[in-house]
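Visitor: Sharing a model that was predicted from the sequence below.
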Amino acid sequence: MAQELSENLNTDVEKEALLEEISQLKLQVTKLSRELRTNQRFIEKVTKTVEAKDTLGAVLSAANAKQRAYTDILLENSPNITLLLNDDGRFVLSTKVFLTITGTPNFDYIKNKHYREVMQNYLVPDVMRRFGKVLEYVASSHSTAVMDEWIDFSGTGESRCYSIEIQCIDKSAGGDAGITAGVLVCFVDLTDFMREKQRAEAANSAKSDFLATMSHEIRTPMNAILGMSEMLNRTELDASQRKFLNDIRKSSQALLVIINDILDFSKIEAGKMELVNVNYNLHVMLDNLHSIFTVLCNDKHLEMRYQMDDRVPFVINGDENRLRQVLTNLLSNAVKYTKTGWVAFSCHAADDGKMLRFDVKDSGIGIRSEDVGKLFKPFEQLDLRKNRNVVGTGLGLAISYNLCKIMGGTLSLSSVYGEGSTFTIELPYVEADEDYAETVEIINEFTAPEARILVVDDIEINLSVAEALLGTFGIIPELAMGGIEAIELANENRYDIIFMDHMMPEMDGLESTRRIRELGGNNEYVPIIALTANAIHGVKDIFLSNRLDDFLPKPLDFSELNRCLRKWLPPSIIRDKAPLRE
């Protein structure tokens, strides 16, 4: 019995232990099941990540392939030669046009080669040296540089002009792609542009030569006409003869204005118009204009109105001649195109003390609104049918407009067709510090019968004009028909002044002057004054650089001749008359 009880007891203990073990196993199974589910979810996530990575890789690979394709298209079709060099100066990339022009089969022939090894085949030594120095500078300074060179890439002997831009590529530009610093070189072909520029410059030079020739050829007979008219005007004439003479002089002056307009416009067009700024009395200049145009208005029975602001300074610094030219043109037009009524002229100073305003008004025909845009263009004349009897080139307003711009100001217009026009000039000004008395030019009429003067010209009538004009000063000049005769006379005689024509057939004035200077003695220092019908820009510099001392333009102007004689004749032989102040 006891034995049975003991056995039963052991059985219960074992049973409880077994149950406990089963319970523990269940817990472990539950835990393992949870871990299994977690691991399954992790595996699923990993699987999805791997799949996504594969998909992304495929997308990136396709994008890279597309980008490479675009790069290939760029390299294939770029019109400019573009080279990419690494930090060792070796070829990394090149556009196809470089391979085509140089006859290189494909890029592999030059890949990883040093630029010197490749470029020395196309660049002459001097260009190669400059190119290398610029490359080194750009790479060391991390900058950009541009150079222009003529290069024969094709090897045919025909060089082309390239603008070469060399740019440093910084390491940071490559990000994490492992790209080191390098240099990008772009060659832009400017040959066609340069050839067009050369053709334009040649055409401009031809135009300048034509204008110089035209100026000389037209001014030479004009010199005779105006010179002889001046001398004839100093003789006794009856009323009819004096009227004919005045008509000749007016027509000649009108023709001279047209010639000067053409030459001035050519200077402005070439960007070679120069200003000569001096101190001058603005009031005197404006009063003179008022006096001149009052007479012209009276001739047409027009009223001349004139107003001067009290704040307008007396003495300013600027180009008096160019301002007078603009105002004269505007006033002339106002008188021309006004049949009845009035012409008004005024000058005002701005409150800030820095600007002057000139207004030229008239009660004339006015200008249509649709024609205002044409007004300042060259060779334009409005209402040609109505104004067919008005003489002019159509250049005056274009020249005036551009002169105002060159002087730092503006020229504008307001007009009502049929009622009149107002032209307004606004110019900056600088009030002069010097007294006007120091800048006024005093012209004394004088004689100098003891003066020894030689006049050189290949045209007999020009010699006659010069001889007559000098005769008014009591001077009897010696005359030479050309440079060779002038050299002979200069070698035999001493002169106080030699007036030398510029353009002569056998020997021009420059060569004649050089040879006279080489004679030595007084000839080395005698004042030699050029007489020239060439009014093209730069002629003054040509004369001074060839040892001439001054020049007088043709047609000869009496006041200019007066000035020149007083300036260059020895004071001891000048006999003054009563002084006249301009």
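Guide: Okay, I see it.

Visitor: Neighbours of the closest residue in space to residue 329 that isn't next to it in sequence, how many?
Guide: Nearest non-adjacent residue to residue 329, counting by C-beta to C-beta, 6 or more residues apart in numbering: residue 396, 4.5 Å away. For glycine as for every other residue, the C-beta is placed from the backbone atoms N, C-alpha and C. For residue 396, the neighbour count with other C-beta atoms under 10 Å is 23.

Visitor: Quickly note the distance from residue 396 to residue 276.
Guide: 21 Å (C-beta to C-beta, to the nearest Å).

Visitor: For residue 501, which non-adjacent residue is spatially closest?
Guide: Closest residue to residue 501 apart from its sequence neighbours, by C-beta to C-beta, 6+ apart: residue 457 at 4.2 Å.

Visitor: SS state for residue 344?
Guide: strand (DSSP: H, G, I helix; E, B strand; the rest coil).

Visitor: Just list whatever residues bridge to residue 278.
Guide: Beta bridges link residue 278 to residue 318 when assigned by DSSP bridges.

Visitor: how about the residue nearest to residue 431 when sequence neighbours are not counted, what does it touch?
Guide: Nearest non-adjacent residue to residue 431, counting by C-beta to C-beta, 6+ apart: residue 313, 4.6 Å away. Remark: with contacts taken as C-beta atoms under 8 Å, 6 or more residues apart in numbering, residue 313 is in contact with 282, 349, 429, 431, 432.

Visitor: with the residues you listed in mind, which one is nearest to residue 151?
Guide: residue 429 (52.2 Å; C-beta to C-beta).

Visitor: Give me the subset of the contacts of residue 313 lying in strands.
Guide: 349, 431 (DSSP state E).

Visitor: Can you redo the contacts of residue 313 as CSV, where the extra columns are distance to residue 183 and pLDDT?
Guide: Converted to CSV, those look like this (distance: C-beta to C-beta, whole Å; pLDDT from 0 to 100):
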residue, distance to residue 183, pLDDT
282, 60, 89
349, 59, 91
429, 53, 88
431, 57, 84
432, 57, 80
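
Visitor: Tell me the one of the contacts of residue 313 nearest residue 507?
Guide: For the contacts of residue 313, the nearest to residue 507 is residue 432 (44.9 Å; C-beta to C-beta).

Visitor: low-confidence ranges in the stretch 451-582 of the chain?
Guide: Within the stretch 451-582 of the chain, the segments meeting pLDDT under 70 span 533-539, 577-582.

Visitor: before we move on, back to that, my guess is the residue nearest to residue 501 contacts residue 483. True?
Guide: No. In this structure, residue 457 is not within contact of residue 483 by C-beta atoms under 8 Å, at 10.1 Å.

Visitor: got any residues that touch both of the two?
Guide: What both residue 457 and residue 483 touch, as defined by C-beta under 8 Å, 6+ apart, is the set residue 504.

Visitor: hmm, back to that, state the distance from the residue nearest to residue 501 to residue 368.
Guide: When residue 457 is compared with residue 368 (using C-beta to C-beta), they lie 50 Å apart.

Visitor: Of the two, which one has the most company?
Guide: residue 457 (27 against 14).

Visitor: ranges for the strands of the stretch 1-150 of the chain?
Guide: Along the stretch 1-150 of the chain, the segments classed as strands by DSSP state E, counting those that start in this stretch run 81-86, 91-94, 144-151.

Visitor: Show me the contact partners of the longest one.
Guide: Under the contact criterion C-beta under 8 Å, 6+ apart, strand 144-151 has outside partners 122-123, 127, 130-131, 134, 137-138, 159-168, 187, 190.

Visitor: Equivalent analysis for stretch 507-518, please.
Guide: 456, 482-484, 486-487, 490, 498, 500-504, 523-524, 526, 528, 530-532, 542-543, 546-548.

Visitor: and with 7 Å instead?
Guide: 456, 482-484, 486-487, 490, 500-502, 523-524, 528, 530, 546-548 (C-beta atoms under 7 Å, 6 or more residues apart in numbering).

Visitor: Now the buried members of those.
Guide: 456, 482-483, 486-487, 490, 500-502, 523, 528, 530, 546, 548 (16 or more other C-beta atoms under 10 Å).

Visitor: any chance of these in CSV, plus secondary structure and distance to residue 567?
Guide: Below are these laid out as CSV (DSSP: H, G, I helix; E, B strand; the rest coil; distance: C-beta to C-beta, whole Å):
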residue, secondary structure, distance to residue 567
456, strand, 19
482, coil, 26
483, helix, 24
486, helix, 21
487, helix, 25
490, helix, 21
500, strand, 16
501, strand, 20
502, coil, 19
523, helix, 19
528, strand, 13
530, strand, 14
546, coil, 19
548, coil, 14
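
Visitor: would a markdown table of these with distance to residue 306 be doable?
Guide: Shown next, in a markdown table, are the buried ones among the contacts of stretch 507-518 (distance: C-beta to C-beta, whole Å):
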| residue | distance to residue 306 |
| --- | --- |
| 456 | 46 |
| 482 | 51 |
| 483 | 51 |
| 486 | 50 |
| 487 | 55 |
| 490 | 52 |
| 500 | 44 |
| 501 | 43 |
| 502 | 41 |
| 523 | 53 |
| 528 | 44 |
| 530 | 39 |
| 546 | 46 |
| 548 | 42 |
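
Visitor: So which of these is the closest to residue 425?
Guide: residue 530 (34.1 Å).

Visitor: Would you quantify the distance from the residue lying closest to the closest one once chain neighbours are set aside to residue 250?
Guide: In space, and not counting its chain neighbours, residue 530 is closest to residue 551: 3.8 Å by C-beta to C-beta, 6+ apart. Distance of residue 551 to residue 250, computed by C-beta to C-beta: 27 Å.

Visitor: Check residue 163 too.
Guide: 56 Å.

Visitor: who's more crowded, those two?
Guide: Taking other C-beta under 10 Å, residue 163 and residue 250 do not tie; residue 163 has more neighbours (16 against 10).

Visitor: tell me which element that one falls in.
Guide: strand 160-169 (DSSP states H and E).

Visitor: Would you mark the buried spots in that strand?
Guide: 160, 161, 162, 163, 164, 165, 166, 168, 169.

Visitor: ditto for stretch 288-306
Guide: 289, 290, 293, 294, 296, 297, 302, 304, 306.

Visitor: Please apply the same query to stretch 309-328.
Guide: 312, 315-320, 322-323, 325-328.

Visitor: swap in stretch 132-141?
Guide: 132, 134, 135, 138, 139.
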